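Asker: Sequence first, predicted coordinates after that:
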Amino acid sequence: MVKGNIAAEVRKLKEESGPPLVVMGSGTIVSQLAAEGLVDEYQLITIPVALGKGGSLFEGGGRPVALKRNSERSFKNGNLLICYAPA
């Protein structure tokens, strides 16, 4: 668990050897890390359901981040995994 400056802690962890870091399901944390240029890849799963309303994918707004699609994978149930990297 990280306490304090999340970006500083992630920056230190990225400098160490070890497995890749993964953030699952927290738009707030991802927004903070993206603002610091610490996100190497975004993996987004689209589940085709019409809800009628929606919101921002990443809480906190901030400046837009241009993305480049790296890969995609579709599943038999209609879900789609798309991987993006900052452009």
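Answerer: Thanks, I have the structure now.
Asker: in the lowest-mean-pLDDT helix or strand in the chain, what's buried?
Answerer: Within the chain, no helix or strand scores below helix 27-35, which has a mean of 83 by mean pLDDT, DSSP states H and E. Residues of helix 27-35 classed as buried by neighbour count (16 or more other CB atoms under 10 Å): 29-35. Bear in mind the C-beta positions are built from the backbone N, C-alpha and C, glycine included.
Asker: packing partners for that helix?
Answerer: Applying 3 or more CB pairs under 8 Å, 6 or more residues apart in numbering; DSSP states H and E, one finds that helix 27-35 contacts helix 6-15.
Asker: starting at the chain centroid, how far to the helix it packs on?
Answerer: Its chain's C-alpha centre and that of helix 6-15 lie 16 Å apart, by CA atoms, centre = their mean, to the nearest Å.
Asker: circling back: between the least confident helix or strand of the chain and helix 6-15, how many degrees?
Answerer: Angle between the axes of helix 27-35 and helix 6-15 is 70 degrees (criterion: axes from the mean of the first three to the mean of the last three CA atoms, to 10 degrees).
Asker: Now do the next helix or strand after helix 27-35 against helix 27-35, angle only.
Answerer: Next along the chain after helix 27-35, taking DSSP states H and E as the criterion, comes strand 42-46. Following the same axes, to 10 degrees, one obtains 140 degrees for the angle between strand 42-46 and helix 27-35.
Asker: quick one: average confidence on strand 42-46?
Answerer: Averaged over strand 42-46, pLDDT sits at 90.
Asker: before we move on, back to that, out of the buried residues of helix 27-35, flag the one nearest to residue 1.
Answerer: residue 29 (12.0 Å; CB to CB).
Asker: Spatially nearest residue to that closest one, not counting backbone neighbours?
Answerer: Excluding its sequence neighbours, the residue lying closest to residue 29 (CB to CB, 6 or more residues apart in numbering) is residue 23, at 5.4 Å.
Asker: Relative to residue 39, how far out is that neighbour?
Answerer: According to CB to CB, to the nearest Å, residue 23 stands 8 Å off from residue 39.
Asker: Looking at those two, which one has more neighbours?
Answerer: residue 39 (20 against 16; other CB atoms under 10 Å).
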